[in-house]
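Peer 1: Quick one: sequence and predicted model below, then my questions.
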Amino acid sequence: MQNTIIRTLLLLIIFIYTPILSQEFGPREDWGIIESSKINEGSGIEASSKNPGVFWTFNDSGGENEIYAFSSTGKDLGTFKISGSANKDWEDISIGPGPIEGEQYIYIGDFGDNGQKRVYKTIYRILEPVVDTQQTAVDTVLEGVERLVFVYPEGQKYNAESLMIDPLTKDIFVVLKDDLTRVFQATKPDSFHWVPDWIVDTMKVVDTLVFRSKANAADISDSGEEILIKDDNFVYHWYRKNNEPVAEALKKIPKVLPYVKEPNGEGICWAPDSSGYFTFSEGLHPHLYFYPRVVTSVESDKTLPDQFLLEQNYPNPFNPSTTIRYTIPNVGSSFSSSMNVKLTIFDILGHKIATLVNEQQGPGNYQVKWNGKDKNDKEVASGIYLYRLKAGSFISTKKMMLLQ
């Protein structure tokens, strides 16, 4: 009888807690197949801002204590064994700040527990190594791993598959894979210690969410302003305003983002520039998928932009496509004021290759994708290209590199 009441309450909450379908992100793009045969049960994914165009993943329970680097085209960049760690049941990976200011650290959640037998769970932290998208795959060992050993309140043995690092506060969040999706926060996020030291932190619950199925991946954007949590069928999206606590942001009703269900899809991460999000799944040679941001939500804009900006394309170098973002400021008396905007691609000799934008646009943040083709829809050769933004009297040009 009690179980029936609980199920009824959950269904009622799900009915009331109806997320809004977002139009902010476009349909799925297939960026390629992961080349490495070592990646056969990838359970988490993270895009590097320290190493542009580089992604990190690992194998799930039973895998080696190593992480794998690959490029945005799926190229194998290497295997990195983490000395002093153990893969009991690694479930998610994240990148965030750590003890050295300005450096980026890789965090790995060893907290999977399908049988709910483990009292002690672990989060590992290691300085992110330097990786280049053009390098030959390496096989190396990373030293200096630290760990945060934690327990849940009252020694509960929960199963979790989602890890989030807040880049603004360094706070650590673990999202349970349960009917009630409880979000736990480390009470002592600075209590990482060298192996084999043994210091135990007790997590505290900061929120409870109800999804249609169980959470299996999560990420906070590099800006700290957006949060993603996914389950088997949906991706949920929250905005975080004015540096509010993550727990407060999660109390809002999320929006549902585009997602094509993948078999055993347990990986999601933001692009470092928040131009979209990536997903991938378990299995040998999975695909890397990208969902591009096509509209900038008013929720993400504090005010109307007041200056022109042409950003560096991402990824760069790229193959087969890249995204260019730019900002048109508010130069008139209203948001409706507009100007002619032209975004053009040139080769290194100044020959025009393609025109991506040529239209009237008002103030706002824009992005456009170039697929590496000319105005006749033919693929161009590898090399350095220029992209130029002209809006009114404003002109700005940047370089990018295409690698076929």
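Peer 2: Thanks, I have it.
Peer 1: Excluding chain neighbours, give the residue nearest to residue 271 in space.
Peer 2: residue 47 (5.8 Å; CB to CB, 6 or more residues apart in numbering). C-beta: built from backbone N, CA, C; applies to glycine.
Peer 1: Surely that neighbour is in contact with residue 270?
Peer 2: Yes - Residue 47 is within contact range of residue 270, at 6.8 Å (criterion: CB atoms under 8 Å).
Peer 1: Compare the two (neighbour count), which wins?
Peer 2: Per other CB atoms under 10 Å, whichever of residue 47 and residue 270 has more neighbours is residue 47, with 24 against 21.
Peer 1: what residues are up against that one?
Peer 2: 54-55, 95, 269-272, 278 (CB atoms under 8 Å, 6 or more residues apart in numbering).
Peer 1: Now compare those residues and name the two farthest from each other.
Peer 2: 54 and 270 (14.3 Å; CB to CB).
Peer 1: And the helices in this protein, which stretches?
Peer 2: Using DSSP state H, the helices found in the chain span residues 2-16, 246-249.
Peer 1: lowest-confidence stretch among those helices?
Peer 2: If you rank these by mean pLDDT, helix 2-16 sits at the bottom with a mean of 45.
Peer 1: quick one: low-confidence ranges for the chain?
Peer 2: Within the chain, the stretches with pLDDT under 70 are 1-20, 210-212, 295-305, 331-337.
Peer 1: And it, what are its domain boundaries?
Peer 2: Per the record, the chain has its domains at 17-295, 303-402, by automatic domain parsing.
Peer 1: Just name the most buried of these.
Peer 2: domain 17-295 (a mean of 19; mean count of other CB atoms under 10 Å).
Peer 1: Return the distance of that one from the chain's centre.
Peer 2: From the chain centre to the centre of domain 17-295 is a distance of 8 Å (CA atoms, centre = their mean, to the nearest Å).
Peer 1: And stretch 387-395, by the same measure?
Peer 2: 31 Å.
Peer 1: Distance across that stretch, terminal residue to terminal residue?
Peer 2: 11 Å (CA to CA, to the nearest Å).
Peer 1: swap in stretch 159-170?
Peer 2: Per CA to CA, stretch 159-170 runs 23 Å from first to last residue.
Peer 1: now stretch 25-33
Peer 2: Distance across stretch 25-33, first residue to last, is 22 Å (CA to CA).
Peer 1: List of residues touching it?
Peer 2: Outside stretch 25-33, the residues that reach it (CB under 8 Å, 6+ apart) are 72-74, 257-260, 276-278, 285-294, 321.
Peer 1: what residues are shared contacts of residue 47 and residue 270?
Peer 2: Shared contacts of residue 47 and residue 270, defined by CB under 8 Å, 6+ apart, are found at residue 278.
Peer 1: picking that back up, quick check: strands, which of the contacts of stretch 25-33 are part of them?
Peer 2: 257, 276-278, 287-292 (DSSP state E).
Peer 1: Now the two most distant members of these.
Peer 2: Maximum pairwise distance among those (CB to CB): 18.0 Å, between 257 and 287.
Peer 1: who touches stretch 111-125?
Peer 2: Against stretch 111-125 from outside (CB under 8 Å, 6+ apart): 60-61, 82, 85, 88-91, 98, 105-110, 145-152, 155, 157-161, 163, 172, 174, 186, 192, 200.
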